[in-house]
Every structure is written in C-alpha cells, then in structure tokens.
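Chemist: Here is my input; please provide its structure:
(one chain, ligands or ions: 1)
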Amino acid sequence: MEGADASGRASQLTADGTKALFDAGRAARVVGMNGYCIVRSAIDPTFLRDTVRPAFDAHFTSVVLPRRPQPNRGPGRYQAVLPLTAPFIDPRLVGADMIVRVLDHLLGPDFVLSLASSHVALPGCEQQEPHIDYEPLFDTFLPLPPYCVYVHIPLVDLTPDNGPTEFWSGSPHMAISSVISSLREFSSLPIDVLPSDKVLLNVGDVVIKDMRCFHRGTANTTDQARPMLSLIYSRKWYRLPYEKLYKEEGYPPMAIKKKDLDRLPPHLQPMFRFCRVAEPEQALEDQTQPSA
Ligand SMILES: O=C(O)CCC(=O)C(=O)O
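Modeler: As a prediction, the model looks like this:
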C-alpha cells in the first residue's frame, strides 16, 4: 500500500510490483487492535526538512527554552505547544490527506485538533517509564473506541540511538480486560507481558496512536536533538484536561488568527472550531509556557 504500513512493518509492493492504494480503513483498524499504526510517507519530507524543521528549531530555541529552561518531561525532555501559525497549520501538516482519512475513520469526520504540540529529546536524555499521557475517561474500563489520537511526526529520521518512541501493542485493551478497579492502579498494569517496538521512522513517516496506548521516549545517546511534532486530535466531545494543562503546566489556550483560519481550505477549518479566533488587530496570546 502506498506509503502506508498499517501492519507496523515496511511498506509493501503488491505481487506484480505495483503499489496498492492506501487503505485508511485498514490503518484505523490496526490502531483499534494494536493501539498504534505507522503510516509511511504521509507528509512531504522536503517540506518537513526545509520549512517545518527550521521554524520549529527557531521556535524552540528562541521562545520555548528561554521561557522554560527546566525540562518538563524528565531530564533533557520537553513537551512544548506549537503556535497556530505557519508553517505549523499548513494543510500539508495538519491536513495531510492520508492522516486525515485515518482520523475520519477513528474519530468521525467532525474531529477537532485538541492540541498542537511537540516532543523534544535532547542529547543524553534517558529512557522514560512506560505511560499514557492523560487518564482514561472512566474508572471502570469500558471497551470504548478511540476518542483521542496522537499523530507523531518526527523532524529527523528516528534511529535506534536518537530516542525513538517505544509502543506497547495492544496496551489500550490491557485495562479493559484487567481486574483493576481505579485509575490510580492504571500505571501498575503488567504491560511487560505485551510486545513492544521502538519504532524507527524516516522523515515523512508518522505514527498514529490511541491516547490510551502505553509508550515511552527512549534514550537519546547521540549528540543531536530529536524533535518530533505531536498533534493531538479527538472526537468533538472529548476534552483534554485543559485546566491542568493551563494552570499546572502553563500551556496557553489554543488560539488562531482569523486571517490564518480563513486561508485554510474549508474542509480543514472545522478542526479549529474550539480554538479562540483572534481578530486581525488582536495579538495571539503568547503561545509558550510561562516561566516555571
Ligand atoms: O519523546 C518521545 O518519544 C515520547 C515522549 C513522551 O511520551 C512524553 O514525554 O510523555
């Protein structure tokens, strides 16, 4: 299938040497079963390397680091929000066709962008504990379909040494079939019985992950940073724990300028409908974390 690896392996040619069409429904079912899938060549790598990477590096160096000198995701690790400005709201990124088609299947066509963020693993950072980022919805673990999905977009090739993310296959279902009775016990789930994979990607490949899938950042033993965008999409009724994100983590509410929103293709505009829309004369709120 073209560019896609819904089985979690390298993309495959068909027997006659031609590439089959990308099957977004199949990719979505793989997320449903395994908790994540890989979509190869989902985004133009030249656009990521030449446009997005320099913009991200500039933002990280001149805005994020001065504001938050202390890492917020463990030593040498950051999660930082992205400003909803070019190139981070470029249709090639937030609206990449193969990704949007999988999200349509997973979340329904009226999904929203819940958070535009990034994960940076600086040289020397160590392995994290396996975790999920936000608590599941209920104390009793109902077999709910995905309702919040991450799209991880590396801005460098992910190698065994520069901190590829590790994912535990099937871990969203571990909670459902276990005997734990409260969210407090969630982090003690025996996910070590499940297979895990450190997923190596080329720039342009992405991972689409159910928020409930256990994962961790691994050690970056190289001398180069490993930046990765993490766009979080959800069903229209789901809300991230925004009070915590705003008050405790210092993330700013998502805001987009009206002229930027108007410029987006009409089919992509609704994914921003819960963002604050700033009129031309209004400055966007500072899109970074305040000093800790
Ligand atoms: O950077 C990564 O590969 C994953 C980071 C992560 O899962 C986190 O900080 O919560």
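Chemist: Flag the shaky bits of the stretch 51-200 of the chain, pLDDT-wise.
Modeler: Residue ranges of the stretch 51-200 of the chain with pLDDT under 70: 139-141, 176-183.
Chemist: now the residue of the chain at minimum distance from the ligand, nearest residue through space, not along the chain?
Modeler: Closest approach between the chain and the ligand, counting by C-beta to the nearest ligand atom: residue 217, at 3.1 Å. C-beta: built from backbone N, CA, C; applies to glycine. In space, and not counting its chain neighbours, residue 217 is closest to residue 128: 4.7 Å by C-beta to C-beta, 6 or more residues apart in numbering.
Chemist: likewise residue 150?
Modeler: Residue 150 sits nearest to residue 209 (C-beta to C-beta, 6+ apart), 4.5 Å away.
Chemist: Would you confirm that that neighbour belongs to a helix?
Modeler: No - read with DSSP: H, G, I helix; E, B strand; the rest coil, residue 209 is strand and lies in no helix.
Chemist: Pull the number of nearby residues for it.
Modeler: 27 (other C-beta atoms under 10 Å).
Chemist: my read: the residue nearest to residue 217 touches residue 220, true?
Modeler: No - between residue 128 and residue 220 there is no contact under C-beta atoms under 8 Å: 11.2 Å.
Chemist: Of the two, which one has the most company?
Modeler: Legend: neighbour count by other C-beta under 10 Å for residue 128 and residue 220, higher for residue 220 (24 against 19).
Chemist: Could you give the bridge partners of the more buried one?
Modeler: residue 162 (DSSP bridges).
Chemist: got a list of what it touches?
Modeler: 76, 121-125, 161-163, 226 (C-beta atoms under 8 Å, 6 or more residues apart in numbering).
Chemist: What residues does the stretch 51-200 of the chain have near the ligand?
Modeler: Within the stretch 51-200 of the chain, the positions adjacent to the ligand are 73, 77, 79, 119, 121, 128, 133, 163, 165 by C-beta under 6 Å from any ligand atom.
Chemist: neighbour-wise, which of these leads?
Modeler: The most crowded member of those, judged by other C-beta under 10 Å, is residue 163 (32 neighbours).
Chemist: what separates that one from residue 261, distance-wise?
Modeler: Using C-beta to C-beta, to the nearest Å, we find residue 163 at a distance of 34 Å from residue 261.
Chemist: do residue 267 as well
Modeler: In this view, residue 267 and residue 261 are 13 Å apart by C-beta to C-beta.
Chemist: Show me which of the two is the more surrounded one.
Modeler: A direct count of neighbours by other C-beta under 10 Å for residue 267 and residue 261 places residue 261 higher, at 17 against 11.
Chemist: Need the pLDDT of the more buried one.
Modeler: Looking at residue 261, its pLDDT is 97.
Chemist: A strand includes it, no?
Modeler: No - read with three-state DSSP, residue 261 is helix and lies in no strand.
Chemist: Mind jotting down where the strands sit in the stretch 151-292 of the chain?
Modeler: All strands of the stretch 151-292 of the chain, identified by DSSP state E, counting those that start in this stretch, fall at 165-168, 196-198, 206-210, 215-217, 226-234, 255-257, 276-278.
Chemist: Of these, which stretch is the most buried?
Modeler: strand 206-210 (a mean of 26; mean count of other C-beta atoms under 10 Å).
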